[in-house]
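# Fold the stuff below for me.
(one chain, ligands or ions: 1)
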Amino acid sequence: MALTFTLDALDSDTRARAGRLWTPHGEVLTPAFMPVGTQGAVKTLAPDELAAAGADILLANTYHLLLRPGVETVRQMEGLHRFMSWSGAILTDSGGFQVLSLAELRKVTDRGVEFRSHLDGSRHFIAPEDAIWIQDGLDTDIAMSFDELIELPASIETVRRSVDRTLDWAARGWVERERLRQEGRGTMGLFGINQGGVEAAERARCFDTLGTLAFDGFALGGLWVGESRSLSLEMVERDCARFPADRPRYLMGVGHPVDVIDAVGLGVDMFDCVLPTRNARRGTVFIATGRLVVKNAAYARDPRPLDPECDCYTCRRFTRAYLRHLFMSGELLGMRLASIHAVTQMIQLARRARRAVIEGGFRAFRAAFLDKFRSGETLTRSGVTTAPIPNPEN
Ligand SMILES: [Zn+2]
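Below you'll find the predicted structure:
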């Protein structure tokens, strides 16, 4: 089997888990945060820097790679790992999310999605089977089912239709992976995606069928897209209670440190999000005591590292004063150094959660993390204040 998952420890007090996922490109420790390499690169970072940050798995976007440079180019360059010189594991999304959020003039039918490229307007069509062979052509370690994401709020009829379509597409994708395997290809793992928005009954109905297919893992889709955080967490709790214990669980597109820790406590194993690195390139990073805006005037002569508790390359070598100077001067090094910190901070947060589960103290770890994260310095334009960071409840 191409992908195996083993559990090292279960927290006795919460539903947090510590596991490891064996892929054709090495072991992935869970809980895991996956940095996002949208177009085959995590913006500004080299593969060795990602490895030094502790990354053992990256996410790449099928939609972007399909349009440019094209799956045939990647295949001829011996797959995505060789192409981008990354020796760790890779998870690819199915392309569905980007087709629905970026592409133009899209038309969704039961057959698949017809769309125009956001780059050059060229016409494309992706059927659920195509999404699977494309990901196989990229030589991914973990492929995702093609699903239909809908915008919330949506009527119950719309949610029902998208669940039906998602289930039909999941089954067709699964059959396609089996067909590839019979041809000696398709060694990648394949995850099914549970949908149903924030309709608990629809998510349950979706998994009643999705769970009968022998997927290598299950993802929680369609959450954190505008609905309230507490409702999303409730859906996470319900989904995790249904998902089989022996398969990894992936919460897609979630990467705020507080959300990650709360979802780990409900039994989620894997996360990805562009937020930490996108924010970093704009000069905002998460640190142990909350959120830090690098350009703030208060740091002009601050000799401390971004995060005194972080041992990333940036925090070991550079001061807040220097990073502020780089951002004020528009030096690209500022983006790179902030990105190194952002990626390290999220991966190490997941690792610390993992250690807490193994040592039997996830609840205490979570409480200490939240206390510190919310009590730290919050920055305003005029300087450092000591006001606590508001609860991210929205
Ligand atoms: Zn750091």
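
# need the contact list for the residue of the stretch 51-200 of the chain found nearest the ion.
Proximity of the stretch 51-200 of the chain to the ion (Cβ to the ion) peaks at residue 53, 9.1 Å away. Glycine gets a C-beta too; all of them are placed from N, C-alpha and C. For residue 53, the contact set (Cβ atoms under 8 Å, 6 or more residues apart in numbering) comprises 35, 312, 340, 343-344, 347.

# Please report how far the nearest residue to residue 237 once chain neighbours are set aside lies from residue 251.
Leaving out its chain neighbours, the residue that sits closest to residue 237 by Cβ to Cβ, 6 or more residues apart in numbering is residue 266, at 4.8 Å. For residue 266, the distance to residue 251 equals 9 Å [Cβ to Cβ, to the nearest Å].

# out of the two, which sits in the busier spot?
residue 251 (28 against 21; other Cβ atoms under 10 Å).

# and the more buried one, how far is that from the ion?
24 Å (Cβ to the ion, to the nearest Å).

# State the distance from that residue to residue 222.
Residue 251 is 11 Å from residue 222, by Cβ to Cβ.

# ditto for residue 166
9 Å.

# quick one: contacts for the residue lying farthest from the centre of the chain?
Taking Cα atoms, centre = their mean, the residue of the chain most remote from its mean C-alpha position is residue 301, at 35.3 Å. Contacts here follow Cβ under 8 Å, 6+ apart; on that basis residue 301 touches residue 321.

# give the contact list for the most centrally placed residue in the chain.
With the centre of the chain defined as its mean C-alpha position, the nearest residue by Cα atoms, centre = their mean is residue 272, 1.1 Å away. Counting by Cβ under 8 Å, 6+ apart, residue 272 makes contact with 33-36, 59, 91, 250, 252-255.

# what about 10 Å?
By Cβ atoms under 10 Å, 6 or more residues apart in numbering, the contact list for residue 272 reads 32-36, 57-59, 91, 93, 250-255, 346.

# Looking at those, which are in strands?
32-34, 36, 57-59, 91, 250-251 (DSSP state E).

# Now the residue of the stretch 51-200 of the chain closest to the ion: closest residue in space that isn't a chain neighbour?
Nearest non-adjacent residue to residue 53 (Cβ to Cβ, 6+ apart): residue 344, at 4.1 Å.

# That neighbour and residue 311 touch, don't they?
Yes - applying Cβ atoms under 10 Å as the test, residue 344 and residue 311 come out as touching, 8.1 Å apart.

# Between those two, tell me which one has more neighbours.
Between residue 344 and residue 311, counting by other Cβ under 10 Å, residue 344 is the more crowded of the two (25 against 10).

# Whichever strand or helix holds the more buried one and the ion in contact?
Assigned by DSSP states H and E, residue 344 belongs to helix 332-358. Yes - contact of helix 332-358 with the ion (Cβ under 5 Å from the ion) involves residue 341.

# okay, and the helix or strand of the chain with the least pLDDT?
The weakest-scoring helix or strand in the chain, judged by mean pLDDT, DSSP states H and E, is strand 383-385 (a mean of 45).

# just to revisit the earlier point, shared neighbours of residue 251 and residue 222, which are they?
Joint contacts of residue 251 and residue 222 (Cβ under 10 Å, 6+ apart) are residue 232.

# I figured residue 310 hits residue 289, correct?
No - applying Cβ under 10 Å, one finds residue 310 not in contact with residue 289, separated by 11.1 Å.

# still on that earlier bit, report the buried residues of the helix holding residue 344.
Of all the residues in helix 332-358, those buried under the rule 16 or more other Cβ atoms under 10 Å are 334-351, 353-354, 356-357.

# cool, and stretch 177-196?
Residues of stretch 177-196 classed as buried by neighbour count (16+ other Cβ under 10 Å): 177, 180, 186-196.

# ditto for stretch 40-59
Going by neighbour count (16+ other Cβ under 10 Å), the buried part of stretch 40-59 is 40, 42-45, 47, 49-50, 53-59.

# Just the ones in strands from those, please.
Those of the buried residues of stretch 40-59 lying in strands (DSSP E): 57-59.

# Of those residues, which are in range of the ion?
Of those, not one also sits near the ion (Cβ under 5 Å from the ion).

# Let me have those residues in TSV, extended by pLDDT and distance to residue 306.
Shown next, in TSV, are those (pLDDT from 0 to 100; distance: Cβ to Cβ, whole Å):
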residue	pLDDT	distance to residue 306
57	98	24
58	98	23
59	98	24
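
# before we move on, the earlier item: please narrow the buried residues of stretch 40-59 to those residing in helices.
47, 49-50 (DSSP state H).

# residues near residue 68, how many?
12.

# start at 785 instead
All set: I'll call the first residue 785, so the last point we hit is now residue 852.

# Am I right that it is in contact with residue 908?
No - using Cβ under 10 Å, residue 852 is not in contact with residue 908, being 12.0 Å away.

# Now do the shared contacts for the two.
residue 901.

# Could you work out the most separated pair of the contacts of residue 837?
For the contacts of residue 837, the maximum inter-member distance is 13.0 Å, found between 819 and 1096 (Cβ to Cβ).

# intersection of neighbour lists for those two?
837, 1126-1128, 1131.

# Closest to residue 808 out of those?
Once Cβ to Cβ is applied, the member of the shared contacts of residue 819 and residue 1096 that ends up nearest residue 808 is residue 1131, at 20.9 Å.
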